[in-house]
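Student: Predicted model, plus sequence, below.
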Amino acid sequence: HSVARENICVGNGGDELLYNYLLAFGGAGRTLLNCPPCFSEYAFFASLCQTEVRDVWRDPATFELDQAAVLAAAPECNLAIVTSPNNPTCDVAPLDFVAALCDACPGMVMVDEAYVEFADDSFGAATTAQALIAEHPNLVILHTLSKAFGAAGARLGYVIAAPEVIDVFAAIRQIYSVNVLSQAAALACVRARDAYAPVVAQVAAERDRELAALRAMAAEGMPVEAWPSSANFVLVRTPHATRVRERLRDEYSILVRDFSYAPGLADCLRITVGTPQENDEVLAAFAALVKEEM
Ligand SMILES: *Cc1c(COP(=O)(O)O)cnc(C)c1O
């Protein structure tokens, strides 16, 4: 990332750092600005830290951030989290919006970039909000080795921020939370970065192919809606999504994530991009089931 050691703190997965973010900067009497539908852990960690959550919902049809509403709420909040690309709605938060949010929020702003490597062909370098840290010392960027590096079991995440902010993360961290085996695995991953790039590029290309195929289903009159994606998954809405998900599992041995239960995500499934052959299989199975359930 071309930053100094003083700009980085590692954690036991990005989740530990998310928790520590709430632990350090949230707390009783403080409010987290949240933009659902998004990663449900934010609200969970906020509740553990007695932090109030101010939800500014995304557009129910496009899932775009309601930028004006977020910026209007920001002055009354003590900390904020924006996910870019967002899980599960797949979109990137524009950098001018992130900068405006850093100006509007009197406390810290975290951009969770767990999926950023999939967002462009420079491993996230063209998408990350990292460059804004220089002028916005209240900005923290969250990364993880769990997604693009496929090393979720190694439990390694890290934050990039101004040294003063890193000092806060360092002050409250469990001192031995990242064991030496995880450190070794993580170092092997980042040193092999160049070897991951073609895999990430293939996933991104396959994601675009999957989206095009889902759009083609919609164009043929099938009840399928899919949103643009900068991540390694696509979000798709179809009636009877829970049933489609069960039948994908039981009849095709394909697992996708059902978000039907989540507020704002009725009948939405999240399909993770796999190998070209896996993607062909999931597209064919999905199309067949949607037709049968129509
Ligand atoms: C996966 C994920 C993380 C972090 O995952 P870890 O495995 O704990 O590193 C953080 N944010 C989002 C949105 C994620 O999807």
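Tutor: Nice, I can see it.
Student: The stretch 51-200 of the chain: strands as residue ranges?
Tutor: Using DSSP state E, counting those that start in this stretch, the strands of the stretch 51-200 of the chain run over residues 52-55, 79-83, 108-112, 139-144, 157-160.
Student: how about the residues of the stretch 1-150 of the chain near the ligand?
Tutor: 13, 14, 15, 39, 83, 87, 112, 114, 144, 146, 147 (CB under 6 Å from any ligand atom). (Each C-beta comes from the backbone N, C-alpha and C, glycine too.)
Student: Would you reformat those residues as TSV and include neighbour count?
Tutor: TSV is the format used below for these (neighbours: other CB atoms under 10 Å):
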residue	neighbour count
13	22
14	25
15	19
39	20
83	27
87	20
112	29
114	25
144	26
146	19
147	22
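Student: Find the pair from those residues with maximum spatial separation.
Tutor: Farthest-apart pair in those is 13 and 83; separation 15.6 Å (CB to CB).
Student: surely residue 211 meets residue 225?
Tutor: No: with contact defined as CB atoms under 8 Å, residue 211 does not reach residue 225; the gap is 11.2 Å.
Student: Which one's more surrounded, the two?
Tutor: Neighbour tally, residue 211 and residue 225, criterion other CB atoms under 10 Å: the higher count belongs to residue 211, 19 against 16.
Student: what about that one, distance to residue 121?
Tutor: Distance, residue 211 to residue 121, using CB to CB, to the nearest Å: 17 Å.
Student: Of all the residues in the stretch 151-294 of the chain, which one is nearest the ligand?
Tutor: residue 157 (4.1 Å; CB to the nearest ligand atom).
Student: Quick check: that residue touching residue 19?
Tutor: No: in this structure, residue 157 is not within contact of residue 19 by CB under 8 Å, at 10.8 Å.
Student: Need the overlap of contacts for the two.
Tutor: Common contacts of residue 157 and residue 19, defined by CB atoms under 8 Å, 6 or more residues apart in numbering, are absent altogether.
Student: For the two, indicate the residue with more neighbours.
Tutor: The residue with more neighbours, out of residue 157 and residue 19, is residue 157; 24 against 21, by other CB under 10 Å.
Student: dump the residue contacts of that one.
Tutor: Neighbouring residues of residue 157 by CB under 8 Å, 6+ apart: 10-17, 142-146.
Student: Now do the helices in the chain.
Tutor: 13-25, 41-48, 67-73, 95-104, 163-172, 180-191, 193-219, 241-252, 276-293 (DSSP state H).
Student: can you count the residues close to the closest residue to residue 23 other than its chain neighbours?
Tutor: Of all residues not flanking residue 23 in the chain, residue 49 sits nearest, at 5.5 Å (CB to CB, 6 or more residues apart in numbering). The number of residues packed near residue 49 is 19, by other CB under 10 Å.
Student: before we move on, what about residue 137?
Tutor: So residue 137, with other CB under 10 Å, has 15 neighbours.
Student: wait, it sits on residue 163?
Tutor: No: look at residue 137 against residue 163 with CB under 8 Å: they stay out of range, at 9.2 Å.
Student: Could you tell me the model confidence score at the residue of the stretch 151-294 of the chain closest to the ligand?
Tutor: Per-residue confidence (pLDDT) for residue 157: 98.
Student: The closest residue to it other than its chain neighbours: what's it in contact with?
Tutor: Leaving aside its chain neighbours, residue 157 sits nearest to residue 14 (3.3 Å; criterion: CB to CB, 6+ apart). With contact set as CB under 8 Å, 6+ apart, residue 14 has these partners: 112, 114, 142, 143, 144, 146, 157.
Student: who's in contact with the fourth one?
Tutor: Residue 143 makes contacts with 14, 113, 114, 116, 157, 158, 159, 160, as judged by CB under 8 Å, 6+ apart.
Student: give me that answer again for 10 Å
Tutor: Counting by CB atoms under 10 Å, 6 or more residues apart in numbering, residue 143 touches 1, 8, 10, 14, 17, 112-117, 124, 128, 130, 149, 156-160.
Student: same check, this time on residue 160
Tutor: Counted by CB under 10 Å, 6+ apart, residue 160 has contacts 1, 3, 7-9, 111, 113, 128-130, 133, 139-143, 166.
Student: Quick check: closest non-adjacent residue to it.
Tutor: residue 141 (4.5 Å).
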